[in-house]
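what shape does this take:
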Amino acid sequence: MGGLTQGLYLILPDLERLNLRNQAVYGLDWLPDSVALWGHGGYAVVYTLVLLVLTGVIFSRRQF
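The predicted model follows:
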């Protein structure tokens with residue numbers, strides 16, 4: 001069971017890195033530094049690109 005959850009942890013994205021809701025709602029002055037924000041944005045872009053490429057590969061093999 002531990003192997004399955006570890007595999008899912010590695011495959012599924014960590015969307016909490018993109019969550020800035022508490023800072024926006026409560027008006028907190030602290031935000032991650034710009035390097036961290038760029039890193040989180042890059043993480044989202046890379047994950048999106050991986051999903052798009054994977055989807056393209058899957059559907060390119062399928063004949064409609």
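
so how far is the longest helix anywhere in the chain from its chain's centroid?
For the chain, the helix with the greatest residue count under DSSP state H is helix 34-61. Relative to its parent chain, helix 34-61 has a centroid offset of 8 Å by CA atoms, centre = their mean, to the nearest Å.

before we move on, what about stretch 18-27?
The answer for stretch 18-27 is 17 Å, by CA atoms, centre = their mean.

before we move on, back to that, any idea of the mean pLDDT in the longest helix of the chain?
The average pLDDT for helix 34-61 rounds to 90.

stretch 13-27 now?
On average, stretch 13-27 scores 80.

run through who's touching it.
Identification of contacts with stretch 13-27 by CB atoms under 8 Å, 6 or more residues apart in numbering yields Leu28, Trp30, Leu31, His40, Tyr43, Ala44, Tyr47. Bear in mind the C-beta positions are built from the backbone N, C-alpha and C, glycine included.

the nearest residue to the last one once chain neighbours are set aside - how many residues pack around it?
So that's Tyr47. Excluding the flanking residues, the one nearest Tyr47 by CB to CB, 6 or more residues apart in numbering is Pro13, at 5.0 Å. Pro13: 14 surrounding residues under other CB atoms under 10 Å.

one more: the one 3 residues further on?
Residues near Glu16, counting by other CB under 10 Å, number 7.

what does the one 4 residues further on give?
By other CB under 10 Å, 13 other residues sit near Leu20.

got it, and Tyr43?
Tyr43, neighbours per other CB under 10 Å, totals 15.

OK, contacts around it?
Taking CB under 8 Å, 6+ apart as the test, what Tyr43 contacts is Pro13, Asp14, Arg17, Leu18.
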